[in-house]
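Visitor: below: sequence and its predicted model.
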Amino acid sequence: DTEVTQTPKHLVMGMTNKKSLKCEQHMGHRAMYWYKQKAKKPPELMFVYSYEKLSINESMPSRFSPECPNSSLLNLHLHALQPEDSALYLCASSQGHLRGDEQFFGPGTRLTVL
Amino acid sequence: GIQVEQSPPDLILQEGANSTLRCNFSDSVNNLQWFHQNPWGQLINLFYIPSGTKQNGRLSATTVATERYSLLYISSSQTTDSGVYFCAAGGGFKTIFGAGTRLFVKA
């Protein structure tokens, strides 16, 4: 099973809302990733959990908060977002080898912030 | 960090034509992947190819790590090949995507 699942598929939220995106994989992978993709741009790496250790893209604002309850689950908590945060949010997983390895992506959550 | 450049940015092909997409990267890498993003946003794995040559049906890829480039070949293109092709280099927290090649195949 090479599937990464994400919920919800679509999300509309106001700037004062708190919401969470969820990602799950059952491939036994030990690294999970969040990417943000704006229209007509490439995916941009936000956060990586590798063996439950978090690595952060320093340019990501604190209104995005990742959580990794276990090696199969990854959440992205959203709070006080801005309209410019509207984007496709992609989750990926990989085996977690230190020298890098193949990443597999979920279908994404399309987020609109009003 | 690593710089990743893709060319051409846009490509229009007649169905049945062949094409070559290029990915240049600025530093030596242990990771190189090619993806196809469909109109719904799903990134589909095409090749994991840090070095060497691989083939999968009408698609093949070659990475020359010492010269810091990778090529994706599409033969006998079909309308379903349309979409955006990304290469991604670096791996792990160092993963950087190129800007992509937007391909449109005309019937």
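Guide: Yes, it's here.

Visitor: can you list the low-confidence ranges for chain A?
Guide: Within chain A, the ranges that satisfy pLDDT under 70 run A:1-2, A:98-99.

Visitor: ok, stretch B:38-47 near chain A or not?
Guide: Yes - judged by Cβ under 8 Å from any Cβ of the partner chain, stretch B:38-47 and chain A are in contact via B:40-43, B:45. C-beta: built from backbone N, CA, C; applies to glycine.

Visitor: list only buried entries from those.
Guide: B:41-43 (16 or more other Cβ atoms under 10 Å in any protein chain shown).

Visitor: center of chain A, which residue is that?
Guide: The centroid of chain A falls nearest to residue A:34 when counting by Cα atoms, centre = their mean (2.7 Å).

Visitor: so what's that one bridging to?
Guide: residue A:47, residue A:91 (DSSP bridges).

Visitor: what is the neighbour count of residue 26?
Guide: By default, I'm working from chain A. When counting by other Cβ atoms under 10 Å in any protein chain shown, one arrives at 12 neighbours for residue A:26.

Visitor: chain B was what I was after
Guide: Residue B:26 has 13 neighbouring residues, counting by other Cβ under 10 Å.

Visitor: mind listing what the nearest residue in space to it that is not next to it in sequence touches?
Guide: Using Cβ to Cβ, 6 or more residues apart in numbering or on different chains and skipping residues adjacent in sequence, the residue nearest residue B:26 is residue B:3, 3.9 Å away. Contact analysis of residue B:3 by Cβ atoms under 8 Å, 6 or more residues apart in numbering or on different chains lists B:25-27, B:96.

Visitor: from these, which one has the minimum pLDDT?
Guide: Lowest-confidence member of the contacts of residue B:3: residue B:27, scoring 89 (pLDDT).

Visitor: around residue A:7, how many other residues sit close by?
Guide: Residues within reach of residue A:7, counting by other Cβ under 10 Å, total 13.

Visitor: so who does it touch?
Guide: Shown in contact with residue A:7 (Cβ under 8 Å, 6+ apart): A:21-22, A:109.

Visitor: could you dump the residues you listed into a markdown table and include secondary structure, neighbour count and distance to residue A:86?
Guide: Shown next, in a markdown table, are the contacts of residue A:7 (DSSP: H, G, I helix; E, B strand; the rest coil; neighbours: other Cβ atoms under 10 Å in any protein chain shown; distance: Cβ to Cβ, whole Å):
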| residue | secondary structure | neighbour count | distance to residue A:86 |
| --- | --- | --- | --- |
| A:21 | strand | 21 | 13 |
| A:22 | strand | 17 | 19 |
| A:109 | strand | 22 | 11 |
